[in-house]
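Student: need the 3D shape of this:
(one chain, ligands or ions: 3)
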Amino acid sequence: MSVVASEPRIVKGACPHDCPDTCALEITVQDGVATKVAGAKAHAWTDGAICTKVSRYLDRTYAKDRVLYPHRRVGGKGPGKGSWQRVSWDEALGEIAERFNAIRASADGPEAICPYSYAGTMGLLNFAGMDRRFFFHLGASLLERTLCSSAGKVGVKITLGGGVGMDPERVEDSRLVIIWGSNPITSNLHYWSRVQEAKRKGARVVVIDPYRSLTAEKGTDHLPVIPGTDAALALAMMHVIIGEGLHDTDYIARHTVGFDQLAERVRDYSPAHVAGICGIPAETIAQLARDYARTQPAAIRVNYGLQRHFGGGAAVRAITCLPALVGAWRNPAGGVLLSTGDFYGMNTPALERPDLLAGRKPRTINTSSIGDALLEADPPIRALYVYNSNPVCVAPDSEKVVRGFSRPDLFTVVNDVFYTDTADYADVFLPATTQLECLDLHKSYGHLYVLLNQPAIAPQGEALPNSEVFRRLAKAMGLTEPALFEDDETLIRQTLNSTHPRMQGITFEGLKEHGWQRLNVPEIYTPFAEGGFPTPSGKCEFYSETAKGMGLDPLPTFTPPIESAYSAPERAKTYPLAVISPPQRHLLNSTFANLPLFLDAEKEPHLDIHPADASPRGIAEGDWVTIFNDRGRFGARARVNDKARPGCVVAVSLWWRKLTPDGTNANQVTSQRLADMGNAATFYDVLVDVAKAAEPAGARV
Ligand SMILES: Nc1nc2c(c(=O)[nH]1)N[C@H]1C(S)=C(S)[C@@H](COP(=O)(O)OP(=O)(O)OC[C@H]3O[C@@H](n4cnc5c(=O)[nH]c(N)nc54)[C@H](O)[C@@H]3O)O[C@H]1N2
Ligand SMILES: Nc1nc2c(c(=O)[nH]1)N[C@H]1C(S)=C(S)[C@@H](COP(=O)(O)OP(=O)(O)OC[C@H]3O[C@@H](n4cnc5c(=O)[nH]c(N)nc54)[C@H](O)[C@@H]3O)O[C@H]1N2
Ligand SMILES: [Mo]
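Tutor: Numbering: from 1, shown residues only. Ligands and ions are numbered 1, 2, ... in the order given. Presented below is the predicted three-dimensional model:
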């Protein structure tokens, strides 16, 4: 019998990953099998290009080690200690339902059940849809999701009123681009394409980063700031701009609040003073300030890298004041961008249904201090349901996280695509679909389009989308609330049902036809040329009553790191080096870290260390080293070079613990301390020392 292959067809999708680019995808499918994942050429932002990792997405969907069926753990918790027994969905959900219902009925009540999720997928249905409804309805502990961006989000909200800024599509017309605590070649590739275009047209590209990242290598200027001191640098720029009368008095008068107080505040931040804090010569700071004020249009791309410090909120707050001071917002290619997320006016309450809390106020658990929460919360967390996240790998202070997850009395569900580091501690494992197998709706935090992801292939094995898992779990638990059973298309229609002006014209039908739709804003968009910021005053707030009401300084300020030679000289005697662990190009946080594409290329973790720090420690290129402090230690192979500034070492991350030679990663040394704003994690506010160590038995080379 001959089998006639059907014609290949293209299905329109969206990249689900936690990245500002949210690419429009085209999936080629033939006979029910996806054969290619490509970027949509017709989508202006994606422009037919996608990153290496997502172009290899089929390696993920069709991976041999993908888990396609529910499993129950037999034996101990932890890597290598237990084994997996395949069970049916009915058995798996039956067991979870029984445990959850028993906890709800116990003296501890539903708060003893805790969700744990982050951004494994950013599709709204599977990221924050049926899961939110389910846990709100139960009255489970609330979860504060602070692993990534919440400090910066508050900083920009205080200043500009929300996650809004210049349209990144316009940066190609900028004449000066400041890339500040951001590494777009790795983590915002399509922005970088536009910066390159600007550079070709003669723009200067200044990169402010303690590390000579791939982006810093390619910029025109690199300012290797001391980690966690960016607010001081921004305040010194304002000192020069105001001191030399380079500010835009007309824009300031019409569209800002608190200029006089700001001028008073920045008087203390002379470049000469700040040079000693941030490690950049005074003249360089002054010149940057002058160039920034005099060059129009000027764009600043600030990203989340610089806000993973104790003063991360203050840093973003100070930097986002700059464009209003020089009137950069007048031009579509001017302004600042952290996130475009709040340009969207979707009907989030209709999707997430916080009303299902029905007046209850459960306690809040913070993703960034899950170690302490698992060990100390009262009443204890009895059950943890993990999805879209790999906390044993990504959460700070691993020693405590691992101890918490190891609790024999804790009932843990992990819903993922692979047996991650976290899955090693699961009692029940539930298999998730990949993006090719589900319907979802996407916004972006790095452009201005809404996208629809249409399923290209059938779910593999018995994998299910998160939304369907929660519907089935609700049924197994005997719940009857109708909102827990609505289907995915209904959820999308409810989310798009918005009266917000920027959502007008965006419909399920329109998205289905085109794959994406631009928000209802002009093609050449200058959002704040005439003010209209979403702050209480409608102006850019140099002075902020909102901040004051939150118990924060109403004016921009410099909040030093907790762990630095400057602010903790005693600790710095024992642990003199700052360590930062920013993303790796072929990884997406810990996603893709188990794929051969990455493991073959990287082989093992590395630490970039400056010769001035390496030689007194007797460390040579290629030595295995241990990076340690009082919280823990992890291993890496030294690369002695001048990429990291002296006093700062860089461990590009995030490795799965069990795939490293010594079973650890950079979160062994990070702390659960929260930042100045947004109760955010402080992954890069860390002092350590580094020493040469014996080759681990499991070393790959
Ligand atoms: N390929 C890839 N892309 C990604 C990710 C990934 O893991 N891999 N992760 C995604 C996610 S979740 C996020 S949040 C974004 C993150 O993307 P970015 O916000 O660009 O974040 P990072 O790469 O963490 O940090 C950017 C740069 O900030 C620098 N930095 C660290 N501390 C400081 C500081 O105190 N001051 C200054 N000026 N710079 C500092 C780091 O050295 C780094 O080069 O990227 C997303 N995109
Ligand atoms: N040391 C250090 N730690 C860090 C950072 C750092 O720079 N340094 N970065 C921090 C940042 S910025 C972030 S955003 C966090 C990221 O933390 P997480 O959001 O936890 O990110 P990932 O590690 O990518 O884990 C996501 C998991 O979700 C799974 N997943 C994907 N799609 C689905 C789905 O549809 N359903 C289900 N159920 N699961 C799915 C993936 O397979 C993956 O295992 O890590 C933080 N941790
Ligand atoms: Mo992130």
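Student: rest of the way, CA atoms for contacts and neighbours
Tutor: Will do.
Student: where does the protein come near ligand 1, residue by residue?
Tutor: For the chain, the residues in contact with ligand 1 (Cα under 6 Å from any ligand atom) are 18-19, 148, 180-184, 186-187, 208-211, 213, 227-228, 230, 303-306, 582-589, 684.
Student: narrow those residues to those in strands?
Tutor: Mapping the residues of the chain next to ligand 1 onto strands (DSSP state E) picks out Trp180, Ile208.
Student: and Ile609, how many neighbours?
Tutor: For Ile609, the neighbour count with other Cα atoms under 10 Å is 29.
Student: ditto for the one 3 residues further on
Tutor: Using other Cα under 10 Å, Ala612 has 14 other residues around it.
Student: same deal with the one 3 residues further on?
Tutor: Using other Cα under 10 Å, Ser615 has 12 neighbouring residues.
Student: ok, Ala693 next?
Tutor: Neighbours of Ala693 using other Cα under 10 Å come to 15.
Student: got it, and Phe429?
Tutor: So Phe429, with other Cα under 10 Å, has 29 neighbours.
Student: hang on, the earlier thing: in helices only, show me the residues of the chain next to ligand 1.
Tutor: Among the residues of the chain next to ligand 1, the members found in helices (DSSP state H) are Pro184, Thr186, Ser187, Asp230.
Student: show me what contacts the third one?
Tutor: Just to be clear, that refers to Ser187. Shown in contact with Ser187 (Cα atoms under 8 Å, 6 or more residues apart in numbering): Cys19, Pro20, Pro583, Arg585.
Student: ranking by neighbours, what's the top pick from those residues?
Tutor: Pro20 leads these on contacts (other Cα under 10 Å) with 22 neighbours.
Student: read off the pLDDT value for it.
Tutor: Reading off the confidence values, Pro20 has pLDDT 97.
Student: check contacts around Asp47.
Tutor: Residues in contact with Asp47 (Cα under 8 Å, 6+ apart) are Gly39, Ala40, Lys41.
Student: pull out the buried residues from those residues.
Tutor: Listed as buried from the contacts of Asp47 are Gly39, Ala40; burial here means 16 or more other Cα atoms under 10 Å.
Student: need the contacts of Asp47 in a markdown table (columns: secondary structure).
Tutor: Compiled in a markdown table, the contacts of Asp47 are given as follows (DSSP: H, G, I helix; E, B strand; the rest coil):
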| residue | secondary structure |
| --- | --- |
| Gly39 | strand |
| Ala40 | coil |
| Lys41 | coil |
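Student: I'd like the next helix or strand past the helix or strand harbouring Val316.
Tutor: Here Val316, judged by DSSP states H and E, is contained in helix 312-319. Using DSSP H and E, the helix or strand that follows helix 312-319 in sequence is helix 322-326.
Student: which strands and helices sit next to that next one?
Tutor: Contacting helix 322-326 under the criterion 3 or more Cα pairs under 8 Å, 6 or more residues apart in numbering; DSSP states H and E are the following elements: helix 230-243, helix 249-255, strand 335-337.
Student: and the angle for the longest one with helix 312-319?
Tutor: By that I understand helix 230-243. Taking axes from the mean of the first three to the mean of the last three Cα atoms, to 10 degrees, one finds that helix 230-243 is oriented at 20 degrees with respect to helix 312-319.
Student: buried among the residues of the chain next to ligand 1? Need that as a selection in ChimeraX.
Tutor: Of those, the buried ones can be selected in ChimeraX as follows, counting by 16+ other Cα under 10 Å:
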select :18,19,148,180,181,182,183,184,186,187,208,209,210,211,213,227,228,230,303,304,305,306,582,583,584,585,586,587,588,589,684
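Student: which regions of the chain lie under the pLDDT threshold?
Tutor: When residues are selected by pLDDT under 70, those of the chain lie in 1-3, 698-701.
Student: report the central residue of it.
Tutor: The chain has Cys148 as the residue nearest its centroid, 4.2 Å off, counting by Cα atoms, centre = their mean.
Student: return the distance of it relative to Asp676.
Tutor: Using Cα to Cα, to the nearest Å, one gets 14 Å for the distance from Cys148 to Asp676.
Student: most tightly packed of the helices and strands packed on helix 322-326?
Tutor: Counting by mean count of other Cα atoms under 10 Å, strand 335-337 has the highest mean neighbour count of these, with a mean of 28.
Student: how about the helices in the stretch 601-701 of the chain?
Tutor: 611-614 (DSSP state H, counting those that start in this stretch).
Student: whoops, the stretch 451-600 of the chain was the one
Tutor: So, for the stretch 451-600 of the chain - with DSSP H, counting those that start in this stretch - the helices run 466-476, 488-496, 508-514, 545-549, 569-574, 596-602.
Student: would you turn those into a markdown table with distance to ligand 2 and mean neighbour count?
Tutor: Compiled in a markdown table, the helices of the stretch 451-600 of the chain are given as follows (distance: least, Cα to the nearest ligand atom, whole Å; neighbours: other Cα atoms under 10 Å):
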| stretch | distance to ligand 2 | mean neighbour count |
| --- | --- | --- |
| helix 466-476 | 5 | 21 |
| helix 488-496 | 14 | 19 |
| helix 508-514 | 20 | 15 |
| helix 545-549 | 24 | 16 |
| helix 569-574 | 20 | 14 |
| helix 596-602 | 14 | 14 |
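Student: can you put those in TSV and add distance to Phe405?
Tutor: Shown next, in TSV, are those (distance: least, Cα to Cα, whole Å):
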stretch	distance to Phe405
helix 466-476	22
helix 488-496	32
helix 508-514	41
helix 545-549	36
helix 569-574	29
helix 596-602	26
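Student: those: which one's closest to Ser537?
Tutor: Nearest to Ser537, of all the helices of the stretch 451-600 of the chain, is helix 545-549, at 9.7 Å by Cα to Cα.
Student: domains for the protein, by residue range?
Tutor: 71-147+347-442+449-518, 151-341+526-549, 569-692 (automatic domain parsing).
Student: first-to-last residue distance for the longest one?
Tutor: It refers to domain 71-147+347-442+449-518. One end of domain 71-147+347-442+449-518 to the other measures 42 Å (Cα to Cα).
Student: how far does that domain sit from the chain's center?
Tutor: Between the centre of domain 71-147+347-442+449-518 and the centre of its chain there are 18 Å (Cα atoms, centre = their mean, to the nearest Å).
Student: thinking again about what came up before, of all the helices of the stretch 451-600 of the chain, which one is nearest Ala614?
Tutor: Of all those, helix 569-574 sits nearest to Ala614, with 16.2 Å by Cα to Cα.
Student: so how far is the closest one off the chain centroid?
Tutor: Using Cα atoms, centre = their mean, the offset of helix 569-574 from its chain centre is 30 Å.
Student: helices or strands next to that helix in the packing?
Tutor: Using 3+ Cα pairs under 8 Å, 6+ apart, helix 569-574 sits against strand 687-692.
Student: the strand it packs on and ligand 2 in contact?
Tutor: No. Judged by Cα under 6 Å from any ligand atom, strand 687-692 stays clear of ligand 2, getting no closer than 12.9 Å.
Student: list the strands paired with that strand, with their directions.
Tutor: strand 577-580 (antiparallel), strand 624-629 (antiparallel) (DSSP bridges).
Student: so what touches it?
Tutor: If you take Cα under 8 Å, 6+ apart as the criterion, strand 687-692 is touched by 563-564, 571-572, 574-579, 617-619, 623-629, 669.
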